[in-house]
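Peer 1: Provided below for reference: sequence and predicted model.
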Amino acid sequence: MLVQLNHPRRTQPLLFPSTWAPALPNPTGSPKHKSGLGKQALPKLYQSITLILPSSETPVQFSEQLINSLQSSTETDSTRAKTLELHIQARVAEELKKLQERASKDFEELTAKLSSDDEPSASAEKNAGEQLRQVGREAVQKDVQELKAKLERRRKLVEVDEGVDRAKSEVVRCLRENDRRPLDCWREVEAFRKEVRRLEGSWVEKVVR
């Protein structure tokens with residue numbers, strides 16, 4: 001690669017191999033090569049620098065303004081790295097804030113939805129409780145009615161059974177007549193016990209039904 005140097009007092013540009021050319025300043029401000037003229041002398045000697053590449057017939061021009069800008073730049077690699085890091089941190093903080101706001105919004109929407117879903121559930125639970133209580137009251141009332149009916153049948157059995165009443169009267173009469181000899185009333189007592197057993201069996205059979 002050839003380096004073309006344009007001097008303000010020369011009509012013909014100077015062409016040198018790239019290894020002979022003065023050192024060009026890089027973005028960090030330090031020269032790439034130690035050989036050649038210093039970077040401070042470039043603006044005084046040359047108005048522009050042209051690189052002639054072997055694979056291209058068109059030279060690449062570097063203006064004097066660009067060279068001066070590169071020479072006067074005080075930004076270092078560490079400064080650029082810090083600036084980039086601050087920019088990245090700002091973008092990350094912005095994205096985190098957006099994510100936090102989105103999460104808060106989703107949480108509020110989910111809470112509102114759960115609250116609206118709980119209201120019908122509470123109403124349905126209340127209705128189910130009322131139905132259970134109603135069924136319980138009806139069942140209790142039914143049991144009470146059945147017990148009353150059984151007790152009523154028992155009372156009627158006791159009142160209507162003439163056999164037991166007659167046997168009891170016979171025992172009372174015999175004991176009065178034989179107050180000094182109660183053992184003589186054993187027949188009447190046995191007949192009374194027989195009637196009582198018959199009545200008990202009839203009552204148990206009707207209650208169990």
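Peer 2: Yep, that arrived.

Peer 1: by mean pLDDT, flag the weakest helix or strand of this structure.
Peer 2: Every helix and strand of the chain was ranked by mean pLDDT, DSSP states H and E. The lowest is helix 42-45, at a mean of 44.

Peer 1: any regions of this structure where pLDDT drops low?
Peer 2: Where the chain drops to pLDDT under 70, the residues are 1-63, 66-77, 117-126, 128-129, 153-161, 206-209.

Peer 1: top helix in it by residue count?
Peer 2: helix 77-160 (DSSP state H).

Peer 1: for it, name the packing helices and strands.
Peer 2: Using 3 or more C-beta pairs under 8 Å, 6 or more residues apart in numbering; DSSP states H and E as the contact criterion, the neighbours of helix 77-160 among helices and strands are helix 186-208. Where you see a C-beta, it was placed from the backbone N, CA and C, and this is true even at glycine.

Peer 1: the helix it packs on to helix 77-160, inter-axis angle?
Peer 2: Relative orientation of helix 186-208 and helix 77-160, computed by axes from the mean of the first three to the mean of the last three C-alpha atoms, to 10 degrees: 140 degrees.

Peer 1: any idea how this structure splits into domains?
Peer 2: The chain is divided into the following domains under automatic domain parsing: 2-74, 76-147, 161-208.

Peer 1: need phi/psi at N178.
Peer 2: Backbone torsions of N178, given as degrees, to the nearest 10, read phi -120, psi 60.

Peer 1: so it makes contact with D184?
Peer 2: Yes. At 4.7 Å, N178 and D184 qualify as touching, with contact defined as C-beta atoms under 8 Å.

Peer 1: what's the first helix or strand after the longest helix of the chain?
Peer 2: helix 162-177 (DSSP states H and E).

Peer 1: list the buried residues of that following helix.
Peer 2: Buried positions in helix 162-177, judged by neighbour count with 16 or more other C-beta atoms under 10 Å: 164, 167, 170-171, 174.

Peer 1: no further queries at this time; thank you.
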